[in-house]
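> Sequence plus predicted model, see below.
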Amino acid sequence: MRNMELRELRAFVAVVEEGGLSAAARRLHVSQPALSQTVGALERQLGVKLLVRGSTGVRATDAGTALLAQARAVLARHDQALRAMARYAGPGGGALRIGIPLELPSGLLDPALADLSEAHPGTRVQARHMPTAEQLVALRSGELDVGFLRERPPGPEFDALLVVREKLGVLLAAEQAAELAGPDGIPLDALADLQWVGFPRAGSPAWYDELTAVLRGHGLDLGPEAPQGQALIADVKLAAVA
């Protein structure tokens, strides 16, 4: 079996998204017979029916639906790579756009940025403070090149690897900590009567759910959800707890 070509994947995605060959042909600036031949060749290559043609247009079969998700991911990665290389082809080497959470561990990026500066001295680093959910949107739209996320993105759309492990702790006012502390520290169960200064779930849903599940499992009443847009700024949290 020969490898699928990007033009075949683009043709298939366009037909499904436009709901018909005519509209897809106009979108791709090709003739309808040529587009039909391209999709037909893809179906023969894979040995499955990808599209069902009816009186109301064209829709994907179950196999076509499965291919559609993968094709979109492949095309998105290809287009992202072209955008990245285009920036380096221009004068000055271009820019590397990085998404960074507000509470990135201190010094984490220093060695990597030093290596980047030595290997590509013309590259500018543009850092944007963004929560996980906003970084995912920006990565998909091509507004970011690299993101530091608090949760692994689902599916094959992105390459992800573990960069650092964070040790989680609890911030308490000094007087309360002294009252609750035992020989082995402060158990989470002892915090049940205290108010939790939280953060919005929308910023990092998977991380929020995992963290709050642990707290609720120890009897903590987390109260109402934090207002949307409330950032995880260390100085503000310290002041609120103190």
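Nice, I can see it. Residues are numbered from 1 along each chain as shown.
> use CA for all of it now, contacts and neighbours both
OK.
> The helix or strand encompassing A81: what's the following helix or strand?
Here A81, judged by DSSP states H and E, is contained in helix 62-89. Downstream of helix 62-89, the next assigned helix or strand under DSSP H and E is strand 95-100.
> who's in contact with that next one?
87-88, 123-131, 135, 143-149 (C-alpha atoms under 8 Å, 6 or more residues apart in numbering).
> same check, this time on stretch 56-73
9-10, 12-13, 15-16, 19-21, 48-53, 156-157.
> Pull up the gap between the residue nearest the centre of the chain and G99, please.
For the chain, the residue nearest the mean C-alpha position is L136 (2.9 Å; C-alpha atoms, centre = their mean). As judged by C-alpha to C-alpha, to the nearest Å, L136 and G99 stand 9 Å apart.
> okay, and the common contacts of the two?
Shared contacts of L136 and G99, counting by C-alpha under 8 Å, 6+ apart, come down to G147.
> Just the terminal-to-terminal distance for stretch 165-185.
22 Å.
> Report the distance from it to the chain centre.
On the basis of C-alpha atoms, centre = their mean, to the nearest Å, stretch 165-185 sits 33 Å off its chain's mean C-alpha point.
> tell me which residues in that stretch are buried?
For stretch 165-185, burial by neighbour count (16 or more other C-alpha atoms under 10 Å) applies to L172.
> So which residues of this protein form strands?
For the chain, the strands defined by DSSP state E cover 51-54, 57-60, 95-100, 124-129, 146-147.
> out of the ones you listed, deepest packed?
strand 146-147 (a mean of 20; mean count of other C-alpha atoms under 10 Å).
> what's it in contact with?
Strand 146-147 has contacts (C-alpha under 8 Å, 6+ apart) with L96, R97, I98, G99, I100, Q135, L136, L139.
> Pairing partners for that strand, with directions?
Partner strands and pairing direction for strand 146-147 (DSSP bridges) are strand 95-100 (parallel).
> could you give me the average pLDDT of the strand it pairs with?
Across strand 95-100, the average pLDDT comes to 86.
> related to what we said a few turns ago, could you check the angle strand 95-100 makes with the helix holding A81?
120 degrees (axes from the mean of the first three to the mean of the last three C-alpha atoms, to 10 degrees).
> so of the contacts of stretch 56-73, which ones are in helices?
L9, R10, F12, V13, V15, V16, L21 (DSSP state H).
> rewinding a little: can you put the strands of the chain in JSON lines and add distance to E210?
As requested, the strands of the chain are exported to JSON lines (distance: least, C-alpha to C-alpha, whole Å):
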{"stretch": "strand 51-54", "distance to E210": "40"}
{"stretch": "strand 57-60", "distance to E210": "36"}
{"stretch": "strand 95-100", "distance to E210": "21"}
{"stretch": "strand 124-129", "distance to E210": "23"}
{"stretch": "strand 146-147", "distance to E210": "21"}
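> what's the closest of those strands to L28?
Among the strands of the chain, strand 57-60 comes nearest to L28, with 16.5 Å by C-alpha to C-alpha.
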